[in-house]
Structures are given as C-alpha cells and as structure tokens.
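S.K.: Here is the input, now give the coordinates:
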Amino acid sequence: MKISRVTAQFPCDCKTVWDIVTDNENFEWRSDLSKIEIIDENRFDEYTRDKFVTHFRITAKEPYREYRFDMENQNMRGHWSGIFESCDDGTQITFTEQVQVKNPIMNLFVKGYLKKQQVGYIADLRKAIAKL
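M.R.: Take a look at the predicted model:
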C-alpha cells in the first residue's frame, strides 16, 4: 500500500472545519468534483469533473475528532482518515490516504498523484473557510 499524509492548520474551530469536510450535500467548494451521490448514511459516491466515480463507505465518524472511510474505484482501493485537533491558532487536521492500486504500473505514479490531490483539497478547504 502507498501512504500519503498531509497536515494543515486553519484559523477557526474544529466544528467549522468538520462541518465543511463532512457535509456531502454541500460539496461545491471542491474544485475536483462534479457531484456527490449519497447512497445512505454510511455510503456515498464522488464524481470528478470528468465523471470518474469513486465509492466511499464511512467506517468512523466521531464529531470534531475523527472521520474515516474505505474507498474504491476502477484503479485503486484503500482507506482515508481525517484527524481534527484543536490548537492554539484554531484547528489542525491530518489527512492520511492508504491506497493499493489495481494496475502495478500505476505504483510508479500513485504517491505523487495522492500528494497532488491532497494539496488541492487543502487549498479548496482554505478558500471555503476564508469565505465564512
């Protein structure tokens, strides 16, 4: 499995960050998505702007503290975790992705791809928080 981790701080409380990250009905702040389809309270599908779908199943959801899910699409499967912590200047998040690619050739590129996705997600999250 390939692992990629990102940590960032935001100048607001954990509830604010949590509410944005976990609200699948309001995903418009995400520049990489065209839609999120909610299946039930523990499953949802994300569609990229190119209509590529990834399936998610929530495995842990402790408000303002921990959010975890399993994910799978035609190229990979894995796990995502988000840890939310209060800090002096607001909130610190640590997002970790662990994925196993289905095509061995993709192993050469997956870590860079994950890091790029995480950097974009954090940038989008910063913009969403700044608009509040």
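S.K.: and the gap between the closest residue in space to residue 103 that isn't next to it in sequence and residue 104?
M.R.: Excluding its sequence neighbours, the residue lying closest to residue 103 (Cβ to Cβ, 6 or more residues apart in numbering) is residue 75, at 6.7 Å. All C-beta spots, glycine's among them, are computed from the backbone N, C-alpha and C. Distance of residue 75 to residue 104, computed by Cβ to Cβ, to the nearest Å: 12 Å.
S.K.: With neighbour numbers in mind, choose between these two.
M.R.: Neighbour comparison, residue 75 and residue 104: the larger count goes to residue 75, with 14 against 7 (by other Cβ atoms under 10 Å).
S.K.: show me the contacts for the residue nearest to residue 103.
M.R.: Residues near residue 75 by Cβ atoms under 8 Å, 6 or more residues apart in numbering: 101, 102, 103, 106.
S.K.: swap in residue 84?
M.R.: With Cβ under 8 Å, 6+ apart, residue 84 has these contacts: 14, 17, 18, 64, 65, 66, 67, 91, 92, 93.
S.K.: Retrieve the pLDDT associated with the first one.
M.R.: For residue 14, the pLDDT comes out at 97.
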